[in-house]
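Colleague: Below is the sequence, then the predicted model.
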Amino acid sequence: MANKLIVSLSPHAHGTDSVEKNMYGVIIALLPALIVSFIYFGLGSAIVCCTSVLACVFFEWAITKFILKRERNTVCDGSAILTGLLLGFNLPSNLPIWIIIIGALVAIGIGKMTFGGLGCNPFNPALVGRAFLLVSFPVQMTTWPVAGQQGIGGYLDAQTGATPLAIMKEAIKSGDASVLDKLPDSLSLALGNPGQLGAGSLGEVCALALIIGGIYMIVRKIITWHIPVSILLTVFVFSGLMHLANPIYASPVDVLLSGGLMLGAIFMATDYVTSPMTKKGQLIYGVAIGVLTVAIRYFGAYPEGMSFAILIMNAFTPLINNYCKPKRYGEVVK
Amino acid sequence: MNVILTAVIVLGAVGLIAAVVLFFVSKKFAVKEDPRIALVNEVLPGANCGGCGFPGCGGMASACVKAADQGSLEGLNCPVGGAVVMGKVASILGMEATASDPKVAVVRCNGSCENRPRIAEYDGLKTCRAVHACGAGETGCCNGCLGCGDCVAACKFDAIHINPTTGIPEVDEEKCVACGACVKACPRAIIELRLKGKNNRRVWVGCVNQDKGPAAMKACKVSCIACGKCVKECKFDAISLTGNVSYIDDEKCKACRACMKVCPRECIYDANFPKSIKEVMAAEAERKAAAEAKAKAAAEAKAQAESAPAPKVSPTQPKEKEE
Amino acid sequence: MRTFRIGGVHPEENKLSAEVATVAAELPKQAVFPLSQHIGAPAKPVVERGQVVKVGTLLAEAGGFVSAPIYSSVSGKVAKIDTVVDATGYRKPAIYINVEGDEWEESIDRSDKLETLADHPELTPEEIINRVKVAGVTGMGGAGFPTFIKLTPPPTAKATCVIINAVECEPYITSDYRLMMEHADEIIVGIDLLMKAVKVNEGYIGIECNKPKAIELFQQKLANRPEIKVVPLQKRYPQGGEKQLVDAVISRQVPAPPAIPVNVGAVVQNVGTAFAVYEAVMKHKPLFERYVTVTGKKIARPGNFLVRMGTPMIQLIDACGGMPEGDNKLLAGGPMMGKALTSVEVPVCKGTNSVTVLSGDDAKRKEPQPCIRCAKCVSACPMGLEPYLLAKLSDKSEWDRLEKEMITSCIECGSCQFTCPAHRPLLDNIRIGKTTVMGIIRARSAKK
């Protein structure tokens, strides 16, 4: 017989899902927010995003090829592009290029490849990069250009301003609720109204664009609703209680729509590798991130707590995986 | 001054109390262990390979002490350390060492790509156990080597490697300590621990195919077809035939290689002989031819002269030399 | 619409041969009967070389309690008792028969007349079970567990209903569907017999909603039989798994092994088994032929056949247009749980519901990538296990932890591997772990 028979253990059928499909799906989901950031921050946004993506892809390729010496390069699976985009989304649009490259090196080199590459990293690489930059270059990382005020050409000479989160923090510090009046109204927080909007990182100016991306991912079954919804609900409830107790804390709707909360809840916390495996675990993880975020925002030194909250819970993920088991068949009472 | 004094007193008191507590706790919960176990453990190699059948060297040490208390160290053997280590253990325990002949792992399959045609292609997890669960594997032989290297992964001594040209594992005699890890790892029980033999010379059947003759013959060029010629040939009753495959008992084998000469499938293998069996057979054939020629000449001479008897040459002579 | 509660996937259906009417396959020249076509001890041959046999002659008797006899499907002479490569890929003892003519044993009723339970009040439950046992009926869904054992539940459990598995959730396979469309009346009598045998008055037929004609047909025929209910089910794999079916149909879950469905009152039988029971009890016809689907995307004429057991698969494939060019994967069963074969000469056995040929890209697995921990395998597992973890622990030989993670509950349905975006060989690893852990557990209980 000329033709060989192929043998393997069952199953012999395979679904159409693939790593690439998931990665590029997330990237597609990020597109609305990316377009909005181009509109508001102009050229600065394009420079930051491109640098970050290119640097991440280059470091991933170079490390796999020259340091790990693996035959198969994983650049094409889209995970480095995704890390680059998410890192860019977390940076202000006037950040010097060299700082972005350092951030990309830390994100890919330390955050991902030291642990063995895709699937092995305990922390979200983009957040590792951002946290590193935040503590190393606090001044550059916290002077945000004001959205929509610098036209297409604005990059390094952009005007800067206070973010909504800084205003909230100031209100808490001064104990004066009237400071909160400086906040843009909720609708412009959600849509990103250029005239009124405060400053912020690239990807956090338009909550609506991020929510559209999130819904796309849930519909495409790239992520499930458990993590984003549990984070957002927890933040809403926790900050709502605080607001009721003392009006110096901003209203829960504003808290939800401001800062990196949407970006974090929809895109960063749902990262496959660093989030728990079971539904129960994901709910616990989401609730804990929500509580930590609000706690850091209200009681901590930083105005934004999302990235640290996610990093902290990343560290707890193995523990959650160990204790949260799925509901086994047969355990259900008859 | 006062602060310093307080600190010193408090720390001193804490230290003292802790010391007292520790003292009593260690007395109360002391584990009584035979001191000889530690001594025996020290002379064992410490590789924790499990080759002795106990979980690590510690388990072996306590087993040795227990056995010594019952009067005999028989059946206990450290395959890694061999007779030297067992001698030391025996002297610690005041016993006589039971000598155990050194063994080595032997791969009983030579179904290389050349010898064994591939009839199917396996596509899945590359471990022997997965292929074994899937069926006969890529060849028509249901018992032969699968070549995915579970034995290589199991070896802690870097003593077994897959030969890239044949696809069959080969044992590095120098490094092999006969711990038996590969034997356990092989899902088809192809690897066996055999006595190293005198001068490291040994003979074994390199096939475990249990199919009947025709099926075995179809599956592989060098399969044992259970023809039984080697069994008849063996003078020492060392070869037996079970499950359609012949097996040489290493305790009884005298490494005469008579069986190799008659095996029609050339599936009996030897190691560390100065000359390969083919060379021996060729030399033998030459000598035989020469002897025949001589005998013929002599017979002719006899016929002519009717005297001078022909010299008799025994064909078994070279075999006896090999012993 | 009902379905099971945990996990599940939905593979492409590819029911190519659904509307192709069944035809009887040609008689083979030589029929081969492996002695272990069922779970349990192999059967013991009772014929000798050269002996003349008829269709329905006993070839081998049950080799133990968990075993089943094997009958000849052809008439002719016993050529030899040798070995054959069967669906497991290994050589197993088998009886070879050279076919001559087609002469049947006289005890078999070959008429088409429908015998109902009302016509035969003399059939006691014991008599039904005995006839099923003697006829060598085993589960026709693939696993091949002797049916009479399932009909005699252990004294600790009490059966409350019979569930007929007409789900056929595996892609490609259509043999059960054709059987239902062509022999509905016989199947219903078979269900009556099964219900009488286990002494219950409640029966369910679980049918997936991708077979609307079968659902309609059975609802029509059972319109005035309230005790047997047709349960339409959502399309979801592995709904045909016994445990999943019990959950889907009567919303009860079978506890972890060693519990079996009858512990929650359900006796699950394949629809093919119901038909075989009818033939065995009413027609005195032992199990020697069955419905087989021959299918594949590259097969010229996919079809359904009534096949005598012992027919080599290549004969069926040739009847459908032959093996496609290139490297193929030949499966006994469907693509999710079928066994890949190393030989085209493997005979059709009691459990062979389909001969599936996968060609081209379908035949090969995709290159595995690193696990991205997407948790899709966890959502897909119908037993509520964590396949990614089981595969990893098995790779690291952590047998104790595997036992704690309930690896023994795995039903090897392949949903995890099907859904894995990184194409990891999850089930390969899990199988190794499962067999090792089962071995450890057996050794432990043997020690006690």
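Modeller: Right, received. Where do you want to start?

Colleague: bridging residues for residue C:83?
Modeller: residue C:93 (DSSP bridges).

Colleague: thought it was touching residue C:93?
Modeller: Yes. With contact defined as Cβ atoms under 8 Å, residue C:83 counts as touching residue C:93 (5.7 Å). All C-beta atoms are positioned from the backbone trio N, CA, C, and that covers glycine.

Colleague: Please work out how many residues are found near residue C:46.
Modeller: For residue C:46, the number of neighbouring residues by other Cβ atoms under 10 Å in any protein chain shown comes to 14.

Colleague: Mind checking what secondary structure the closest residue to chain A within the stretch 151-300 of chain B has?
Modeller: Closest contact between the stretch 151-300 of chain B and chain A, by Cβ to the nearest Cβ, is at residue B:218 (12.9 Å). Here residue B:218 is recorded as helix under DSSP: H, G, I helix; E, B strand; the rest coil.

Colleague: can I assume residue C:204 sits in a helix?
Modeller: No. Per three-state DSSP, residue C:204 lies outside any helix segment and is strand.

Colleague: Is it bridged to anything, and to what?
Modeller: Beta-bridge partners recorded for residue C:204 (DSSP bridges): residue C:163, residue C:229.

Colleague: element containing residue C:307, please.
Modeller: Assessed by DSSP states H and E, residue C:307 sits inside strand C:303-308.

Colleague: what does that strand rub up against?
Modeller: Residues from elsewhere that reach strand C:303-308 (Cβ atoms under 8 Å, 6 or more residues apart in numbering or on different chains): C:17, C:20-25, C:27-28, C:31, C:73-74, C:174-175, C:178, C:288-295, C:316, C:319-320, C:348.

Colleague: Which ones among those residues map onto helices?
Modeller: C:175, C:178, C:316, C:319 (DSSP state H).

Colleague: Around the second one, count how many other residues there are.
Modeller: Neighbourhood size, residue C:178 [other Cβ under 10 Å]: 24.

Colleague: which residues touch it?
Modeller: C:17-18, C:20-22, C:291, C:293, C:304.

Colleague: go on, the first one?
Modeller: Residue C:175 is in contact with C:272, C:290-293, C:304, C:353-354, counting by Cβ under 8 Å, 6+ apart.

Colleague: Mind naming the longest helix for chain B?
Modeller: Chain B, longest helix under DSSP H: helix B:277-305.

Colleague: Can you report phi and psi for residue A:109?
Modeller: Residue A:109 adopts backbone torsions of phi -70, psi -60, taken as degrees, to the nearest 10.

Colleague: Name the nearest residue to it, sequence neighbours excluded.
Modeller: With Cβ to Cβ, 6 or more residues apart in numbering or on different chains as the criterion, residue A:109 has its nearest non-adjacent residue at 5.8 Å, and that residue is residue A:59.

Colleague: element containing the one you found, please.
Modeller: Taking DSSP H and E as the criterion, residue A:59 maps to helix A:43-62.

Colleague: Give me the mean pLDDT for the helix or strand following that helix.
Modeller: Counting by DSSP H and E, the next helix or strand C-terminal to helix A:43-62 is helix A:79-89. Mean pLDDT, computed over helix A:79-89, is 93.
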